[in-house]
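1. Output the structure for:
(one chain, ligands or ions: 1)
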Amino acid sequence: MAKLTVSDLDLKGKKVLMRVDFNVPIKDGVIGNDNRIVAALPTIKYVIEHGGKAILLSHLGRVKKEDDKPGLSMRPVAERLSNLLNKPVTFVPTTEGQQLEDAINGLSDGDVLVMENTRYEDVKNGEYVKRESGNDPELGKYWASLGDVFVNDAFGTAHRSHASNVGIASNMAQTAAGFLMEKEIKFIGGAVDNPEHPFVAILGGAKVSDKIGVIDNLLSKADKVLIGGGMTYTFYAAKGMKIGNSLVEKDKIDLAKEILDKAGDKLVLPVDSVVAEKFDNDAAHKTVDGDIPDGYMALDIGPKSIKEFEDVLKTAKTVVWNGPMGVFEMSNYAEGTLEIGKFLGTLSDAKTIVGGGDSTAAVQQLGVADKLSHISTGGGASLEYLEGKTLPGIAAISDK
Ligand code: AMP
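-> A predicted model of the protein is given here:
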């Protein structure tokens with residue numbers, strides 16, 4: 001069933017609690033990259049332009065002891081948000097109590113308030129009590145009491161049951177998705193539940209063990225699953241091929257065999273690889289077909305595989321990509337990842353969905369991000385969504 005979204009709500013004069021993802025990289029109080037704050041702006045602007053009082057909650061990093069708190073304050077985030085919105089933003093340096101309640105009660109329609117890092121609640125009087133990340137029922141109830149409606153726009157934490165997402169939602173009459181969350185549900189949820197065919201998944205990255213749930217689920221939904229990256233060679237080993245010194249998970253070879261048997265020709269492995277003598281960009285390297293020779297490790301898919309993958313992709317109507325095709329951090333082994341990213345940018349008739357930090361970095365580096373249908377904002381959350389799991393943060397959003 002479709003989920004309630006922020007545009008379904010009557011926001012005028014309402015105290016709108018908003019769970020956003022402001023988990024930005026931060027060092028010595030300086031924000032490294034404000035993409036996540038920028039990404040949250042459309043929903044925040046919508047709320048204030050419709051007369052809501054925006055009360056923003058987010059986690060920032062991991063708070064495990066009192067000493068972690070000063071470096072993980074939300075104050076610099078509130079300042080950056082104020083610059084981006086070009087209007088004052090009230091920062092409240094606490095997560096509960098009179099000061100917070102007074103500040104909220106003092107808001108006018110269209111004002112914006114940022115509360116301190118929700119994970120400050122994980123440490124109380126020096127003890128690691130995990131009130132936020134353990135979804136303490138009293139905390140969710142308390143935060144819910146501060147607002148009239150709840151908007152959850154933090155997809156990155158949707159796979160977790162925390163007080164600031166699930167806890168608040170379970171104490172609120174109405175919880176709606178923000179625009180970012182809505183887009184994740186539409187594209188990733190859409191691909192998993194109701195894809196337009198042909199549906200092709202491209203899965204890469206280092207390990208089979210990290211992606212096994214995704215491979216399994218997508219084999220039952222997709223028409224083809226293209227495999228690249230380090231996990232290829234565990235599949236090679238399962239087929240009895242030579243893998244040289246390539247990355248392999250020995251304890252996953254049997255599992256890889258089972259997957260190969262089950263998948264038949266749905267699962268497509270690279271037919272050639274770029275192999276190197278060492279895990280080093282400057283090492284001697286060459287391209288080989290099939291087996292990986294002794295003394296070499298495979299670090300990228302080869303040109304024939306790229307061509308073969310493109311042939312499968314060109315008729316696709318839905319494409320999901322997660323994980324690099326090789327060690328793309330090193331320029332000599334980046335081609336597979338970059339060529340696949342570039343090719344996705346040319347597929348104007350397909351829904352193209354990219355998840356995971358490395359594949360996202362690749363399409364951004366290539367400048368093709370705006371030619372794709374959707375770039376997921378959540379790493380762990382998008383993987384679990386692709387595995388077909390119910391994400392508690394999404395399940396807690398009201399149905400329309
Ligand atoms: P993941 O976090 O599982 O998506 O894996 C990403 C990492 O896998 C990147 O840092 C890549 O460098 C690495 N990777 C991709 N292909 C290979 C390969 N053939 N051998 C070793 N590492 C690889």
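
2. From now on I want contacts and neighbour counts done on CA atoms only, so please keep to that.
-> Will do.

3. Which positions in the chain make contact with the ligand?
-> Where proximity means C-alpha under 6 Å from any ligand atom, the interface of the chain facing the ligand comprises 205-207, 229-230, 247, 298-300, 323-329.

4. Tell me which residues touch Tyr236, please.
-> Under the criterion of C-alpha atoms under 8 Å, 6 or more residues apart in numbering, the contact list for Tyr236 reads Lys242, Ile243.

5. and it, which of the three is it?
-> Recorded secondary structure, Tyr236: helix (DSSP: H, G, I helix; E, B strand; the rest coil).

6. Return stretch 45-52 as CSV; C-alpha atoms alone will do.
-> Presented in CSV, the C-alpha positions along stretch 45-52 are these (Å, rounded to 0.1, in the frame of the first residue of the first chain):
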residue,chain,number,x,y,z
LYS,A,45,11.5,24.0,2.6
TYR,A,46,8.2,22.4,1.8
VAL,A,47,7.3,22.2,5.5
ILE,A,48,8.1,25.8,6.3
GLU,A,49,6.6,27.2,3.1
HIS,A,50,3.4,25.5,4.1
GLY,A,51,3.4,27.2,7.5
GLY,A,52,4.8,24.3,9.6
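
7. avg pLDDT for that stretch?
-> In this model, stretch 45-52 has an average pLDDT of 98.

8. Could you list the buried residues of it?
-> The neighbour-count check on stretch 45-52 (16 or more other C-alpha atoms under 10 Å) flags Lys45, Tyr46, Val47, Ile48, His50, Gly51, Gly52 as buried.

9. again, but for stretch 17-36
-> For stretch 17-36, the neighbour count (16+ other C-alpha under 10 Å) marks Leu17, Met18, Arg19, Val20, Asp21, Phe22, Asn23, Val24, Pro25, Ile26, Asp34, Arg36 as buried.

10. ok so, going back, keep only those of the residues of the chain next to the ligand that are in helices.
-> When the residues of the chain next to the ligand are checked against helices using DSSP state H, none is located there.

11. hmm, which of these are the buried ones?
-> Listed as buried from the residues of the chain next to the ligand are 205-207, 229-230, 247, 298-300, 323-328; burial here means 16+ other C-alpha under 10 Å.

12. which one of those is nearest Val114?
-> Ranking these by separation from Val114, with C-alpha to C-alpha as the measure, puts Gly323 on top at 34.0 Å.

13. Spit out the contact partners of that closest one.
-> Shown in contact with Gly323 (C-alpha under 8 Å, 6+ apart): Ile202, Leu203, Gly204, Gly205, Gly229, Gly355, Gly356, Gly357, Asp358, Ser359.

14. now do Phe279
-> With contact set as C-alpha under 8 Å, 6+ apart, Phe279 has these partners: Met297, Leu299.
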